[in-house]
Each structure stands twice: as C-alpha cells, then as structure tokens.
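Engineer: this one's sequence-less:
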C-alpha cells in the first residue's frame with residue numbers, strides 16, 4: 001500500500017490517506033475510504049454530538 005491523496009467531499013481540499021490509516025481501516029473491516037478530510041470529520045462529529053438530546 002502507498003499513501004493516497006483524496007479530495008474532501010465537503011470542502012474540496014486534498015488530504016493524504018496514509019499507509020498506516022489504510023492498514024487501520026482494513027484491520028477494522030472498513031470497506032470504504034474516508035470521504036472527508038480530518039478537519040471536516042472532526043467538525044461533523046462535533047455537530048452530531050451537539051445535536052443529540054441529553055438524557
């Protein structure tokens with residue numbers, strides 16, 4: 001495996017999907033590559049966490 005450059009689905013910025021990240025995804029059984037850069041993934045996760053009702 002080699003590092004791959006992917007364009008973010010949200011912001012359009014290119015980001016590197018490293019060999020180590022690819023190995024991690026494979027180990028976890030993930031079949032799809034990431035579609036968002038780390039910054040957009042972090043923002044999306046924070047948005048999801050803030051919209052959840054608290055118990």
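Structural biologist: Sure thing, it's come through. Fair warning: this is a prediction, and the values are worked out from it, not measured in the lab.
Engineer: report the buried residues of whatever helix or strand residue 22 lives in.
Structural biologist: Assignment of secondary structure by DSSP states H and E places residue 22 within helix 19-28. With burial defined by 16 or more other Cβ atoms under 10 Å, the residues of helix 19-28 counted as buried are 21-22. In short, each C-beta sits where N, CA and C put it, glycine included.
Engineer: avg pLDDT for that helix?
Structural biologist: Per-residue pLDDT over helix 19-28 has a mean of 97.
Engineer: following element in sequence after that helix, please.
Structural biologist: Per DSSP H and E, the first helix or strand lying C-terminal to helix 19-28 is helix 38-51.
Engineer: and the contacts of that following helix?
Structural biologist: For helix 38-51, the external contacting residues (Cβ atoms under 8 Å, 6 or more residues apart in numbering) are 8-11, 13, 15, 34, 36.
Engineer: dump the residue contacts of the residue positioned nearest the centre of the chain.
Structural biologist: Per Cα atoms, centre = their mean, the C-alpha nearest to the average position across the chain is that of residue 34, at 4.3 Å. Contact criterion Cβ under 8 Å, 6+ apart gives 6, 17, 21, 25, 41 as the residues in contact with residue 34.
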